[in-house]
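Colleague: Provided below are the primary sequence and the corresponding predicted coordinates.
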Amino acid sequence: MKVPYSWLKELVPDAPPLSETVDLLAGLGLGVEEVVHQPGAPAQVIVAEVLQVSAIATSEHLKLALVIDGSTTYRVVCGAPNVAPGLRTALAKPGAVIEGVTVAARELAGVSSEGVLCSPRELALYDYGGGLLVLGDDAPLGQELAELWPGEAVITLELTPNRADAFSILGVARDLAAKLGVPYRHPAAELDTGQRDLPTGLRVIVEDPQGCPRFTLRKIEGVTVKPSPLWLQRRLAAIQVRPRNNVVDITNYVTFELGQPTHAYDQRALGDSTMVVRRARDGERLVALNEAALTLAPSDLLITTPVPGVGTRPIGVAGVIGGLIESVQPGTATVVLEAAHFDPVSVRRTAKRLNLATDAGYRFERGVDPNLPPLAAARIGQLLAELAGGRLHPGLTEVGSDQPPKTIAYRPSQVASLTALDVPLDAQRRFLTALGCRIAEGPDTWQVSVPSWRFDLAIAEDLIEEVARLHGYEHLPSSLPKIDFIPAESDVTHRGLRSLLVG
């Protein structure tokens, strides 16, 4: 799990400096593997826009691009497949150092080139070399990219499988804030999760409620698909997720922010605006987002849509990967957003059989908060309204509902007897409340309701461990316990015989 320090700091404004934060996370048992200081964009690389592209008579794959930085135009020879008029990208001027080579004005294919148009890989921003860096209109022409894309400190956590709640920036922030005794900012806490009684024109049929106990759909109309703003591209690049477009980037962002995988569909690809969740028929096929042709098996749970005269066809593998044909395209205007809860065993079995490792599958296999889908959908709707000009329909189409919290009988006095830690009652109360628990106090026993995202907390000893973890194991007494040892009679006899034989 990669945690950019600036992102964590945004949710926990009172977080200490990086080195102290790293020590705190390690002390919380979150397994700090490394801290990497990712470089920003190189110097002498500016934002430029392509004005026109023309062929070069002496080359089949190189083209001549006329680009402008807002005031000055440059002639640049380029072979990238996505170079086109209107593209806003990065221009390395003579003197810039790109991949260890100093850029200079030179002649290519018999044409003078006054710089280099760069891919994200060439700029060491993220690992994609299949085309030029694509910037949005929030990147001012002529500005140094290093000012817009600074470096970032990224903490890598090696989390244990039982801490599925920490597979998100929010989960890590919640733990850190609980340790510090400070508030944290929940990005979606105040959002309207939608009204079930308002018709949306969407329909959901779940044929396998065990495999899919909850399925939520929201509709966002009037969307404009375009490059994401710089802040969003930087966030995704820091966690090694390739930016694609604002709609896809927002769904990926919320997956890492809140921990809820989602999927966006182009409504035009949905038959009767309906989705059916069912098991696969043997031999069914799906072309996935990664362009792989998947052959499906009856154990696979699918998202499907009706086709007249055929039944339903697959548009996604539940909890693993979506289909290519139904994905968001440049001309998509209405997005149908899926936020669901899938059985971890089913997702793990399918992902293993298909040999597919995805961010969605990784989370569903370990467990996702079953009450999170409506909130995550609302958060994505909010961001689509801000960054894509969309209008979130107030209605909610949903199968399933919130799961009630489980309650654990907890005796505060057991903390000392089981851990040797002296944790005052008010501190125990504060720790459990900070983790999201609700407490009904009795004379000796508390009834503690556990939040839906902490399904690893099942018995009183789990709560005691949480209290000890937040209090800090460094407070354990350093003296050895006093033990009254009475030797066994056989030990005394053996020592006596040994002394006699030795003489």
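Modeller: Perfect, I can see it now. In this text the structure is predicted, and so the values were computed from the model without any measurement. Numbers count the residues shown, from 1 in each chain.
Colleague: hey, let's count contacts and neighbours off CA atoms from now on
Modeller: Will do.
Colleague: which helix is the longest one in the protein?
Modeller: In the chain, taking DSSP state H as the definition, the longest helix is helix 373-388.
Colleague: buried residues, that helix. List them.
Modeller: 373-385, 387-388 (16 or more other C-alpha atoms under 10 Å).
Colleague: identify the residues contacting the next helix-or-strand element following that helix?
Modeller: Beyond helix 373-388 in the direction of the C-terminus, DSSP states H and E gives the next helix or strand as strand 391-392. Residues from elsewhere that reach strand 391-392 (C-alpha atoms under 8 Å, 6 or more residues apart in numbering): 218, 219, 220, 221, 222, 223, 381, 382, 384, 385.
Colleague: let's see 10 Å
Modeller: With contact meaning C-alpha atoms under 10 Å, 6 or more residues apart in numbering, strand 391-392 is reached by 194, 218-223, 334-335, 377-378, 380-385.
Colleague: and it, how far out from the chain middle?
Modeller: 23 Å (C-alpha atoms, centre = their mean, to the nearest Å).
Colleague: equivalent analysis for stretch 220-235, please.
Modeller: For stretch 220-235, the distance to the chain centre is 16 Å (C-alpha atoms, centre = their mean).
Colleague: hey, where'd the helices end up in the protein?
Modeller: Counting by DSSP H, the helices of the chain are 5-11, 18-27, 145-148, 169-180, 230-238, 246-258, 344-354, 359-366, 373-388, 414-419, 425-434, 460-471, 489-502.
Colleague: just the CA coordinates of the fourth one, formatted as PDB?
Modeller: Taking only C-alpha atoms (Å, rounded to 0.1, in the frame of the first residue of the first chain), the coordinates of helix 169-180 have been written out as PDB:
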ATOM      1  CA  ILE A 169      -5.500   6.500   2.600                       C
ATOM      2  CA  LEU A 170      -8.600   7.000   4.800                       C
ATOM      3  CA  GLY A 171      -7.900   3.900   6.800                       C
ATOM      4  CA  VAL A 172      -4.300   4.900   7.400                       C
ATOM      5  CA  ALA A 173      -5.400   8.400   8.400                       C
ATOM      6  CA  ARG A 174      -7.900   7.000  10.800                       C
ATOM      7  CA  ASP A 175      -5.300   4.900  12.600                       C
ATOM      8  CA  LEU A 176      -2.800   7.800  12.700                       C
ATOM      9  CA  ALA A 177      -5.400  10.300  14.000                       C
ATOM     10  CA  ALA A 178      -6.400   7.800  16.700                       C
ATOM     11  CA  LYS A 179      -2.800   7.400  17.800                       C
ATOM     12  CA  LEU A 180      -2.300  11.200  17.900                       C
END
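Colleague: output the contacting helices and strands for it.
Modeller: strand 2-4, helix 5-11, helix 18-27, helix 246-258, helix 425-434, helix 460-471 (3 or more C-alpha pairs under 10 Å, 6 or more residues apart in numbering; DSSP states H and E).
Colleague: got the angle between that helix and helix 425-434?
Modeller: Taking axes from the mean of the first three to the mean of the last three C-alpha atoms, to 10 degrees, one finds helix 169-180 and helix 425-434 inclined to each other by 170 degrees.
Colleague: now do the buried residues in helix 169-180.
Modeller: 169, 170, 171, 172, 173, 174, 175, 176, 177, 178, 179, 180.
Colleague: before we move on, what about the shortest one?
Modeller: Within helix 145-148, the residues scored as buried using 16+ other C-alpha under 10 Å are 145, 146, 148.
Colleague: ok, back up a step: quick one: closest of the helices and strands packed on helix 169-180 to residue 136.
Modeller: Ranking the helices and strands packed on helix 169-180 by proximity to residue 136 (C-alpha to C-alpha) places helix 246-258 first, at 9.6 Å.
Colleague: check which helices and strands that closest one is in contact with.
Modeller: The contact analysis (3+ C-alpha pairs under 10 Å, 6+ apart) places helix 246-258 against strand 2-4, helix 5-11, helix 169-180, helix 230-238, strand 262-266, strand 335-341, helix 359-366, helix 373-388.
Colleague: how about 8 Å then?
Modeller: Packed against helix 246-258, as judged by 3 or more C-alpha pairs under 8 Å, 6 or more residues apart in numbering; DSSP states H and E, are the following elements: helix 169-180, helix 230-238, strand 262-266, helix 373-388.
Colleague: mind pulling up the pLDDT for the closest residue to residue 436 other than its chain neighbours?
Modeller: Spatial nearest neighbour of residue 436, excluding adjacent residues (C-alpha to C-alpha, 6 or more residues apart in numbering): residue 451 at 5.6 Å. Among the per-residue scores, residue 451 holds a pLDDT of 97.
Colleague: the one 10 residues further on now?
Modeller: Confidence per residue is given as pLDDT, and for residue 461 that number is 97.
Colleague: would you mind measuring from it to residue 316?
Modeller: Distance, residue 461 to residue 316, by C-alpha to C-alpha, to the nearest Å: 40 Å.
Colleague: looking at these two, which is more packed in?
Modeller: Higher neighbour count among residue 461 and residue 316: residue 316, with 25 against 16, using other C-alpha atoms under 10 Å.
Colleague: my guess is that one contacts residue 302. True?
Modeller: Yes. Between residue 316 and residue 302 there is a contact under C-alpha atoms under 8 Å: 5.8 Å.
Colleague: sorry, back to before: JSON lines please, covering the helices and strands packed on helix 169-180 and showing distance to residue 112.
Modeller: Below are the helices and strands packed on helix 169-180 laid out as JSON lines (distance: least, C-alpha to C-alpha, whole Å):
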{"stretch": "strand 2-4", "distance to residue 112": "41"}
{"stretch": "helix 5-11", "distance to residue 112": "42"}
{"stretch": "helix 18-27", "distance to residue 112": "47"}
{"stretch": "helix 246-258", "distance to residue 112": "35"}
{"stretch": "helix 425-434", "distance to residue 112": "63"}
{"stretch": "helix 460-471", "distance to residue 112": "64"}
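Colleague: and residue 48, which of those is closest to it?
Modeller: Comparing these by their distance to residue 48 (C-alpha to C-alpha), the top pick is helix 246-258, with 20.2 Å.
Colleague: got the angle for that closest one vs helix 169-180?
Modeller: Here the directions of helix 246-258 and helix 169-180 differ by 30 degrees (the same axes, to 10 degrees).
Colleague: next one: helix 246-258 to chain centre, how far?
Modeller: Counting by C-alpha atoms, centre = their mean, helix 246-258 is centred 7 Å from the centre of its parent chain.
Colleague: likewise for stretch 98-113?
Modeller: Per C-alpha atoms, centre = their mean, the centroid offset for stretch 98-113 relative to its chain is 39 Å.
Colleague: try stretch 76-90
Modeller: Counting by C-alpha atoms, centre = their mean, stretch 76-90 comes out at 30 Å from the chain centroid.
Colleague: tell me, how many residues neighbour residue 192?
Modeller: 14.
Colleague: which residues does it contact?
Modeller: Residues in contact with residue 192 (C-alpha under 8 Å, 6+ apart) are 375, 378.
Colleague: can you rerun that using 10 Å?
Modeller: Counting by C-alpha under 10 Å, 6+ apart, residue 192 has contacts 374, 375, 377, 378, 379, 382, 394.
Colleague: out of those, which comes closest to residue 259?
Modeller: Residue 259 lies nearest to residue 375 out of the contacts of residue 192, by C-alpha to C-alpha, at 11.1 Å.
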